[in-house]
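> Build the 3D model from these lines:
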Amino acid sequence: MARPLLVSFVAGASGPWRIDRVESVTGDGLQPAERLTVLEGSEFDPVESPRWTLRGVTSNTRYTNRSESGALLAKQQGLHRPHATRAALIPIRKTADWWDLPQDERRSIFEEQSSHIGIGLEYLPAIARRLLHSRDLAQPFDFLTWFEYAPEHSDIFEELVRRLRSSSEWQYVDREIDIRLVRA
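As a prediction, the model looks like this:
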């Protein structure tokens, strides 16, 4: 396991990613912005007058068993692929009811009932993703998920998102923003 990596998403007037849309799916939204910069390992924001900044950290794999982890590693491709010029940043916050559940019950909802990992595996390697944890950083969201994909995979990305949002796990989401981007 690699060391945890701090990642900051800084929205403002400049950056390599053009923001196509920012949609509040559930709960409060975010201020509109034109561009996004993704900083890995940096604790400062070089963007002048950012509209908002979201931070998360990579962490150990959670809610997965050994075979699921192996399957994810075997199919997942890395970020920053030249043909992956589309991206989505989807921050979510889960309810207090979710966090009050014991971990085995959260795992049951996450995979046995919702098939979160199984669904995600169906879209690899076309859709690359990185999950970041924000809850312990006193951020406004619990998780930030960054996805990258080629334009020809836009439809299957929409299908992936629809399927996850229709799962029983999403009953525990009380804030979600859908941010879509194009590499400038």
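
> For the lowest-mean-pLDDT helix or strand in the chain, give me every contacting residue.
When each helix and strand of the chain is scored by mean pLDDT, DSSP states H and E, helix 66-75 comes last, with a mean of 78. With contacts defined as CB atoms under 8 Å, 6 or more residues apart in numbering, helix 66-75 is touched by 61, 64, 111, 117, 120-121, 124-125. In short, each C-beta sits where N, CA and C put it, glycine included.

> buried residues in stretch 134-148?
Residues 134, 139, 141-148 are the ones in stretch 134-148 that count as buried (16 or more other CB atoms under 10 Å).

> Can you lay out these as CSV showing distance to A87?
As requested, the buried residues of stretch 134-148 are exported to CSV (distance: CB to CB, whole Å):
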residue, distance to A87
S134, 18
Q139, 19
F141, 17
D142, 20
F143, 16
L144, 12
T145, 11
W146, 7
F147, 6
E148, 5
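
> The residue positioned nearest the centre of the chain - nearest residue in space that isn't next to it in sequence?
Nearest residue to the geometric centre of the chain (CA atoms, centre = their mean): T145, 0.7 Å. Leaving aside its sequence neighbours, T145 sits nearest to I90 (CB to CB, 6 or more residues apart in numbering; 4.9 Å).

> Which strand or helix spans that neighbour?
strand 86-94 (DSSP states H and E).

> Check R81 too.
Using DSSP H and E, no helix or strand contains R81.

> okay, now it: neighbour count?
13 (other CB atoms under 10 Å).

> List the residues that contact it.
R81 sits in contact with 128, 148, 150, where contact means CB under 8 Å, 6+ apart.

> Next, the buried residues of the lengthiest helix in the chain.
If you go by DSSP state H, the chain has its longest helix at helix 154-165. Buried residues in helix 154-165, counted by 16+ other CB under 10 Å: 157, 160-161, 163-164.
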